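S.K.: here is my input, please return the structure:
(one chain, ligands or ions: 2)
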Amino acid sequence: MRITVCLTDNRPDAWIEGLRAALPEAMVENWRPGAPQADHAVVWAPPQEFIDDQPALRGIFNIGAGVDALLKLKLPPEAQVVRLDDAGMSVQMAEYVCHALIRHFREFDIYEADARESRWSFRKPREREDFAVGVMGLGVLGERVAKAVAQFEFPVNGWSRSPKAIGGLRCFAGEAEFDDFLGASRVLVNLLPLTEATRGILNRENLSRLNGGEPGGYLINVGRGAHLVEADLIPLLDSGRLAGATLDVFEVEPLPAEHPFWRHPKITVTPHGSARTVREASIAQIAGKIRAVELGEPIAGVVGRERGY
Ligand code: NDP
Ligand code: OXD
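M.R.: Ligands and ions are numbered 1, 2, ... in the order given. Have a look, this model is predicted:
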């Protein structure tokens, strides 16, 4: 069995070494144009040239959860596309979202500003019942995040494509229940995959529906930058319709130095690091799946190419 590795923006050496150790029966090599045909590929954002050069691939294993960059390519029709299934990301995502939520709810941003001025001043406590959290996407990451938030006794709503019943959450599903989900939520957490159905979903109209249409909504975007219509955000913040936003993902990454999000007082920017790929756990997961595929066994995390995630 031959495995080819093509990792844009990532150093391949440790991945190759790890895959060789986990799959000693396989030939694992970094891809170069004209390389021998491989059975499986381990990839991150590969160029079309790579795919065109490897038409016989049976499995394409993405080293991230989101496959939007991969599905933009013209892939071999028979190849199975497989995304990372947690592999150490969900706990990081839960930490990130709980931190952003609690920082906003407890007004730690204001205490930080006060501390810079040596000002000793209490904020009036706020009621968590008034800060219902809505999690868009109840998949591997969204469900873990929703359950972590529920531990802090915030009311939690979740929205997914198919109906779900998850203890401690009020679950909404599909377009028909989307407006009710938004209206019932004050803090919106986006953990959707980027697909044709979800691109631009964080727009003026939808964000204005938060909190029953009253001002004070808050956005945490950890999905993809193209979920947000960036031009709509600053007017919503400046008019007070939204109280703030924590953004980890952007239409253009790295976020250009001149982008107004960097300097807006109500926006917190992080550099697409809310849940990083954990190399050792990911290698173990991918190697296990490759071995299962070779034995004809079913695996989790197979992407539905027609639905886009
Ligand atoms: P999953 O595929 O496990 O979950 C996706 C969820 O979104 C599912 O609940 C699915 O519904 C729901 N969904 C998809 N399309 C729609 C739709 N049109 N309407 C309503 N719900 C929809 O993905 P993960 O949880 O593993 O990851 C989610 C995303 O997080 C990734 O695609 C990636 O973009 C992003 N991500 C960001 C990272 C970062 O560092 N910022 C790190 C890792 C991931 P259903 O359950 O019905 O199928
Ligand atoms: C992912 C990411 O999709 O890092 O895994 O964004």
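
S.K.: ligand 2 contacts on the stretch 51-200 of the chain?
M.R.: Within reach of ligand 2 by Cβ under 6 Å from any ligand atom, the stretch 51-200 of the chain has these residues: G64, A65, G66. To be clear about C-beta, it is placed using only N, CA and C from the backbone, and glycine gets the same treatment.

S.K.: now secondary structure too, for those, in TSV please.
M.R.: Shown next, in TSV, are those (DSSP: H, G, I helix; E, B strand; the rest coil):
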residue	secondary structure
G64	coil
A65	coil
G66	coil
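
S.K.: can you check those and name whichever has the most neighbours?
M.R.: Counting neighbours by other Cβ atoms under 10 Å, A65 comes out on top of these with 22 neighbours.

S.K.: pLDDT at that one, what is it?
M.R.: Looking at A65, its pLDDT is 98.

S.K.: doesn't V82 make contact with it?
M.R.: No - assessed by Cβ atoms under 8 Å, A65 is found out of contact with V82, at 11.0 Å.

S.K.: quick one: residues contacting the closest residue to V229 other than its chain neighbours.
M.R.: In space, and not counting its chain neighbours, V229 is closest to N203: 4.3 Å by Cβ to Cβ, 6 or more residues apart in numbering. By Cβ atoms under 8 Å, 6 or more residues apart in numbering, N203 lies in contact with L228, V229, D232.

S.K.: and these, which is closest to E175?
M.R.: Among the contacts of N203, V229 lies closest to E175 (Cβ to Cβ), at 17.9 Å.

S.K.: next, V135: secondary structure please.
M.R.: Going by three-state DSSP: V135 is strand.

S.K.: which residues touch it?
M.R.: Neighbour list for V135: G142, V145, A146, V149, V156, N157, G158, W159, L169, V189, L191 [criterion: Cβ under 8 Å, 6+ apart].

S.K.: please identify the residues of this protein in proximity to ligand 1?
M.R.: Residues of the chain found near ligand 1 (Cβ under 6 Å from any ligand atom) are 65-66, 89, 137-142, 159-162, 191-195, 197-198, 222-224, 248-249, 272, 274-275, 309.

S.K.: narrow the residues you listed to those in strands?
M.R.: W159, S160 (DSSP state E).

S.K.: wait, I166 sits on R144?
M.R.: No - assessed by Cβ under 8 Å, I166 is found out of contact with R144, at 10.8 Å.

S.K.: of these two, who's got more company?
M.R.: Higher neighbour count among I166 and R144: R144, with 22 against 17, using other Cβ under 10 Å.

S.K.: before we move on, the earlier item: state the distance from the residue nearest to V229 to ligand 1.
M.R.: Applying Cβ to the nearest ligand atom, to the nearest Å, the value for N203 to ligand 1 is 14 Å.

S.K.: burial count for R199?
M.R.: Neighbours of R199 (other Cβ under 10 Å): 16.

S.K.: need the contact list for it.
M.R.: A226, H227.

S.K.: one more: the one 5 residues further on?
M.R.: R204 is in contact with V229, D232, P235, L236, counting by Cβ under 8 Å, 6+ apart.

S.K.: now the last one. Its backbone dihedrals?
M.R.: The main-chain torsion angles of L236 are listed as degrees, to the nearest 10 and equal phi -70, psi -40.

S.K.: tell me how this protein divides into domains.
M.R.: Domain assignment for the chain by automatic domain parsing gives 2-87+277-294, 90-269.
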